[in-house]
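In: 3D model of this:
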Amino acid sequence: MLSQASSYQELIRNFRWEIPQNYNIGVDVCDKWAHAQPQRLALIHKAEDGAVQHYTFAQMKALSNQTALMLAAHGVERGDRVAVLLPQSPETGYAHIAIYKLAAIAVPLFTLFGAEALAYRLRNSGTKVVITNQVGAAKIAQIRDSLPDLQVVFSIDGGDEALDFHAERAHYDAAFTPVDTLAHDPALIIYTSGTTGPPKGALHAHRTLLGHLPGVELSHDFFPQPGDRIWTPADWAWIGGLYDVLMPAWHHGVTVVSHRFAKFEPEAAFQFLEDFQIRNAFLPPTALKMMRTVAAPERRWHYHVRTIASGGETLGAGLLDWGRKTFGLTINEFYGQTECNMIVSSCATLMPARPGIMGRPVPGHELAIVDEQGQLVPRGVLGQIAVRRGDPVMFLEYWQNPQATQAKFIDDWLLTGDMGVMDEEDYIRFVGRNDDVIISAGYRIGPGEIEDCLMGHDAVKMAAVVGVPDETRNEIVKAFIILHEGYTPGPALVSEIQRYVKTHLAAHEYPRKIAFVEAFPMTTTGKIMRRKLRELAD
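Out: Here you go, the predicted structure:
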């Protein structure tokens with residue numbers, strides 16, 4: 001746990017990793033608390049029918065033990081893959097704990113995946129057992145013949161396509177001795193978004209949770225503090241929901257609040273903050289942008305949030321200012337990726353927020369900006385964000401893909417594929433994905449700053465920017481815009497928006513083309529798929 005410090009430099013100076021030789025995520029996040037404080041509240045879950053359920057750590061231990069014994073009885077052994085195809089739910093939480101305690105490998109999967117996406121991941125991972133619901137079981141039934149390794153499918157809500165999870169689990173005792181795992185033993189496979197090619201399975205060790213902790217603690221202003229209670233709308237199948245919120249909170253014995261929103265509604269999110277007395281939230285940029293469209297939330301709801309962290313895309317000045325007005329706090333940005341997460345963060349108690357700056361390296365993580373040959377570039381020069389090998393949060397390998405694993409590294413550096421600039425004080429400005437950077441007339445242009453500027457225009461509800469080919473300039477900026485109600489697309493509005501960007505940014509950054517759309521193509525993790533937008537661009 002990070003020690004409270006008066007400066008960033010003091011924090012870096014005092015930090016030391018404490019990674020034990022033997023370590024198991026399931027024991028750490030559950031059994032540890034069930035033994036010390038059995039009645040400590042682990043989870044508050046709001047079901048789809050509105051019913052609210054409370055689970056102590058003692059209950060989570062008993063449920064996960066029964067699940068582990070059930071899985072073992074169905075042939076699951078050390079190293080076998082068990083997929084969890086569920087939304088935020090108690091079963092999702094204790095299924096993960098059971099898999100870790102059994103020394104099997106968890107494969108979290110999004111409920112929004114179609115049959116083809118599921119088939120690829122289940123086949124690639126060689127998954128042996130799936131824990132899902134009726135909807136997921138029906139999808140898997142369509143592809144079952146293409147999954148030779150799959151032996152058992154459990155459903156938490158019955159159905160004809162799978163075994164009844166709860167009925168099966170009830171047959172087993174609540175006493176189970178967890179397998180004694182090493183910190184570097186594999187624990188889970190999380191698949192990349194697949195926005196730049198086929199999804200790859202990032203294999204992580206048990207130690208990845210310990211590697212996440214400094215970033216989580218920093219991004220929530222020295223989490224935990226007395227009274228903290230955390231929530232995120234991010235799915236627990238994403239590393240952001242699972243290892244930026246759920247598992248770190250349980251490591252610290254902090255209560256997590258969960259609910260499956262059929263569709264994210266910003267007004268419902270504000271009500272949720274009030275109803276469940278949320279003190280800490282991880283809100284992805286897309287969620288924040290949607291919440292920003294709600295009029296005067298600070299006067300309509302009574303919430304008392306201590307910290308908000310956000311990652312996935314950089315926030316601009318507009319969103320940061322809105323956060324201060326709406327919540328009375330500075331939203332802390334953080335950065336990471338599936339293969340190496342929570343490695344950069346801001347922290348309002350230690351450093352001033354800088355629009356367009358995602359923060360500084362989190363204690364324990366060594367970052368650099370490198371060129372295409374993996375050589376360090378001078379401070380202030382654009383390059384690729386890289387992380388030193390040996391980091392405890394870093395993935396072990398891409399599952400069954402040694403070529404992709406090798407390509408992810410140059411010498412001692414993991415290459416993130418993201419472009420950025422580091423200044424003399426170690427602040428890192430995120431410019432964009434390697435393939436998102438727009439090169440126009442010799443200028444390198446990141447989409448984030450332009451999108452933030454566009455969001456400042458009264459007519460613009462949401463914006464996404466890509467580069468499109470141009471004979472003269474190599475590329476030009478094209479903006480895809482969702483308008484607020486009451487505004488009509490047309491040449492006059494295009495010209496007005498273009499003038500607005502020219503005035504607020506620079507002439508070479510304004511969108512020479514604008515398309516008005518009703519929605520953006522999104523990944524299941526809530527990121528805009530700019531690759532798809534480029535395909536749509538004329």
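In: mind giving me the domain ranges of this structure?
Out: With automatic domain parsing serving as the domain definition, the record reports that the chain contains domains spanning 52-181, 440-536.
In: residue 355: neighbouring residues, count only.
Out: For residue 355, the tally of surrounding residues (other Cβ atoms under 10 Å) stands at 17. Every C-beta, even on glycine, is put in place using the N, C-alpha and C of the backbone.
In: and the closest residue in space to residue 456 that isn't next to it in sequence, what element?
Out: Leaving aside its sequence neighbours, residue 456 sits nearest to residue 318 (Cβ to Cβ, 6 or more residues apart in numbering; 5.2 Å). With the criterion set as DSSP states H and E, the secondary-structure element containing residue 318 is helix 317-327.
In: hmm, residue 458 and the residue nearest to residue 456 touching each other?
Out: No: the pair residue 318 and residue 458 does not pass the contact test of Cβ atoms under 8 Å, sitting 12.0 Å apart.
In: please say which of the two ends up with more neighbours.
Out: When residue 318 and residue 458 are compared on other Cβ under 10 Å, the one with more neighbours turns out to be residue 318, at 16 against 9.
In: next one: the more buried one from residue 131, what distance?
Out: Distance from residue 318 to residue 131, counting by Cβ to Cβ, to the nearest Å: 42 Å.
In: thinking again about what came up before, so of the domains of the chain, which one's packed in deepest?
Out: With neighbours taken as mean count of other Cβ atoms under 10 Å, the domains of the chain reach their highest mean count in domain 52-181, at a mean of 20.
In: from start to finish, how long is stretch 157-167 in a straight line?
Out: Length of stretch 157-167, first residue to last, Cα to Cα, to the nearest Å: 10 Å.
In: how about the residue nearest to the spatial centre of the chain: what's its closest non-neighbour residue?
Out: By Cα atoms, centre = their mean, the chain has its centre lying nearest to residue 240, at 2.2 Å. Nearest in space to residue 240, with sequence neighbours left out and distances taken as Cβ to Cβ, 6+ apart, is residue 234 at 4.7 Å.
In: list the contacts for the residue nearest to residue 456?
Out: For residue 318, the residues meeting the contact criterion (Cβ atoms under 8 Å, 6 or more residues apart in numbering) are 452, 455-456.
In: same for the lengthiest helix in the chain, what does it pack against?
Out: Longest helix of the chain, by residue count under DSSP state H: helix 57-73. Contacts defined by 3 or more Cβ pairs under 8 Å, 6 or more residues apart in numbering; DSSP states H and E place helix 57-73 against helix 32-36, strand 41-46, helix 90-101, helix 165-169.
In: which residues touch it?
Out: Identification of contacts with helix 57-73 by Cβ under 8 Å, 6+ apart yields 26, 30-31, 33-34, 37-43, 55, 82, 90, 93-95, 97-99, 101-102, 104, 129, 168-176, 178, 250, 253.
In: got the buried residues for the helix holding residue 318?
Out: When neighbours are counted by 16 or more other Cβ atoms under 10 Å, the buried residues of helix 317-327 are found to be 318-320, 322-323, 326-327.
In: just how off-centre is it within its chain?
Out: Here the centre of helix 317-327 is set off from its chain's centre by 21 Å, with Cα atoms, centre = their mean, to the nearest Å.
In: next SSE downstream of it?
Out: Using DSSP H and E, the next helix or strand after helix 317-327 towards the C-terminus is strand 332-337.
In: partners of that following strand in the sheet?
Out: Based on DSSP bridges, the pairing partners of strand 332-337 within the sheet are strand 307-311 (parallel), strand 340-345 (antiparallel).
In: once you drop chain neighbours, what's closest to residue 257?
Out: Nearest residue to residue 257, sequence neighbours excluded (Cβ to Cβ, 6+ apart): residue 231, at 4.2 Å.
In: now do residue 335
Out: If the residues on either side of it in the chain are set aside, residue 335 comes closest to residue 344, at 3.9 Å by Cβ to Cβ, 6+ apart.
In: hmm, residue 361 and the one you found touching each other?
Out: Yes: in this structure, residue 344 is within contact of residue 361 by Cβ under 8 Å, at 5.9 Å.
In: worst-scoring helix or strand of this structure, pLDDT-wise?
Out: strand 443-445 (a mean of 73; mean pLDDT, DSSP states H and E).
In: would you state the strands of the stretch 51-200 of the chain in chain order?
Out: Along the stretch 51-200 of the chain, the segments classed as strands by DSSP state E, counting those that start in this stretch run 52-56, 81-84, 105-108, 129-132, 152-155, 163-164, 186-191.
In: now render those strands as JSON lines, adding mean pLDDT and distance to residue 466.
Out: Output for the strands of the stretch 51-200 of the chain, formatted as JSON lines (pLDDT from 0 to 100; distance: least, Cβ to Cβ, whole Å):
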{"stretch": "strand 52-56", "mean pLDDT": "98", "distance to residue 466": "43"}
{"stretch": "strand 81-84", "mean pLDDT": "98", "distance to residue 466": "33"}
{"stretch": "strand 105-108", "mean pLDDT": "98", "distance to residue 466": "29"}
{"stretch": "strand 129-132", "mean pLDDT": "98", "distance to residue 466": "35"}
{"stretch": "strand 152-155", "mean pLDDT": "98", "distance to residue 466": "40"}
{"stretch": "strand 163-164", "mean pLDDT": "97", "distance to residue 466": "46"}
{"stretch": "strand 186-191", "mean pLDDT": "97", "distance to residue 466": "24"}
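In: among those strands, which comes closest to residue 304?
Out: Taking Cβ to Cβ, strand 52-56 is the member of those nearest to residue 304, at 19.1 Å.
In: mind listing what that closest one pairs with, with the direction of each?
Out: Each strand that pairs with strand 52-56, with its direction, by DSSP bridges: strand 41-46 (antiparallel).
In: what does the strand it pairs with rub up against?
Out: 30, 33, 52-57, 59-60, 88-90, 93, 250, 255-259, 272, 276.
In: for the residue nearest to residue 97 when sequence neighbours are not counted, report the pLDDT, please.
Out: In space, not counting the residues next to it along the chain, residue 97 is nearest to residue 64; the distance is 3.9 Å by Cβ to Cβ, 6+ apart. Confidence per residue is given as pLDDT, and for residue 64 that number is 98.
In: what about residue 281, which SS state?
Out: strand (DSSP: H, G, I helix; E, B strand; the rest coil).
In: so it sits right up against residue 228, yeah?
Out: No: with contact defined as Cβ under 8 Å, residue 281 and residue 228 do not form a contacting pair (10.9 Å).
In: higher neighbour count, these two?
Out: Looking at residue 281 and residue 228 with other Cβ under 10 Å, you find the greater number of neighbours at residue 281, namely 28 against 18.
In: which other helices and strands contact the helix or strand harbouring residue 358?
Out: When elements are defined using DSSP H and E, residue 358 is found to belong to strand 357-361. In this structure, strand 357-361 packs against strand 332-337, strand 340-345, strand 428-433, with contacts taken as 3+ Cβ pairs under 8 Å, 6+ apart.
In: number of nearby residues for the residue nearest to residue 335?
Out: 29.
In: again with residue 412
Out: Summarising burial for residue 412: neighbours were counted as other Cβ under 10 Å, giving 13.
In: below-threshold pLDDT in the protein: ranges please.
Out: Where the chain drops to pLDDT under 70, the residues are 193-197, 442, 444, 524-525, 537-538.
In: from residue 70, how far out is residue 165?
Out: Residue 165 sits 8 Å away from residue 70, going by Cβ to Cβ.
In: any idea how far the residue lying closest to residue 298 once chain neighbours are set aside is from residue 311?
Out: Spatially, and ignoring its direct neighbours in sequence, residue 298 is nearest to residue 326 (5.4 Å; Cβ to Cβ, 6+ apart). With distances taken as Cβ to Cβ, residue 326 is found 19 Å from residue 311.
In: before we move on, the earlier item: quick one: closest of the strands of the stretch 51-200 of the chain to residue 437.
Out: Within these, the stretch nearest residue 437 is strand 186-191; the backing value is 24.6 Å (Cβ to Cβ).
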